[in-house]
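[1] Have a look; sequence and predicted model below, questions after that.
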Amino acid sequence: MAAKEKKYAKRYARMLFNVTGTEKAEETIQALSAIESLIETSKEIRNFFLSPLVTEEEREKTVSEMASKTGMSDEVRKFIIFLASKRAIMALPDIIRHYTALYYERKRKTKATVITPVMFDGDYERRLKESLRKITDREVEIEYLHDPELIGGIVVKVGSTMYDGSIRGQLELLKERLTA
């Protein structure tokens, strides 16, 4: 990705958030993520947005047709057309990341990634969510990753902080203490 695209990603995310607000943020994140996934998985769609042979009018018409067929909001449609015109469509992953961060900040939410060797039941998940809410003083959205190599316990990442309650992590800590 070009440095220019990365530089403007935060600005573009803020611009879109100012238009959609918190009311339409979740819907916007879903729509942008779907478009990002299409661009990432389809060479034809990626080329459509990046090719200098495709005119602005053709892009606008195609994006508008796609928007009407998928129920995409007018704000997202205009934003995608704007990104295509600026040749910044490849900055979409960074834009989504910044947009989501703005939304979470506004809603006093945070995202936690929980790595576990087994799947949780509802009661354990509820207790974990409550504990993380107390630690972060925010509502927590949890993303689960399954790692069968984890011997036991869990690893939780919230922002840049990692809480390692895994047996593997505890064994590593014990090894460090014994060798010191």
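    Looks like it arrived, so ask away.

[2] which residues in the protein form helices?
    Assigned by DSSP state H, the chain shows helices spanning 3-20, 25-41, 43-50, 56-70, 74-85, 92-107, 122-136, 167-179.

[3] Now the terminal residues of stretch 108-125, how far apart.
    In stretch 108-125, first residue to last residue: 20 Å (C-alpha to C-alpha, to the nearest Å).

[4] do the same with stretch 156-165
    Using C-alpha to C-alpha, the end-to-end distance of stretch 156-165 comes to 8 Å.

[5] hmm, back to that, so for Thr116, which of the helices of the chain sits nearest?
    With C-beta to C-beta as the measure, helix 122-136 is the member of the helices of the chain nearest Thr116 (9.6 Å). In this view, the C-beta of every residue, glycine as well, is placed from N, C-alpha and C.

[6] what's the offset of the closest one from the middle of its chain?
    Chain-centre distance of helix 122-136: 21 Å, with C-alpha atoms, centre = their mean, to the nearest Å.

[7] tell me the mean pLDDT for it?
    Per-region confidence: helix 122-136 scores 86 on mean pLDDT.

[8] For it, give me every contacting residue.
    Here helix 122-136 makes contact (C-beta atoms under 8 Å, 6 or more residues apart in numbering) with 110, 112, 114, 120, 139-140, 142, 154, 156, 158.

[9] coming back round to it: got a markdown table for the helices of the chain, with distance to Glu149 and mean neighbour count too?
    Formatted as a markdown table, the helices of the chain follow (distance: least, C-beta to C-beta, whole Å; neighbours: other C-beta atoms under 10 Å):
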| stretch | distance to Glu149 | mean neighbour count |
| --- | --- | --- |
| helix 3-20 | 33 | 16 |
| helix 25-41 | 27 | 16 |
| helix 43-50 | 33 | 14 |
| helix 56-70 | 38 | 14 |
| helix 74-85 | 39 | 18 |
| helix 92-107 | 27 | 18 |
| helix 122-136 | 20 | 13 |
| helix 167-179 | 8 | 11 |
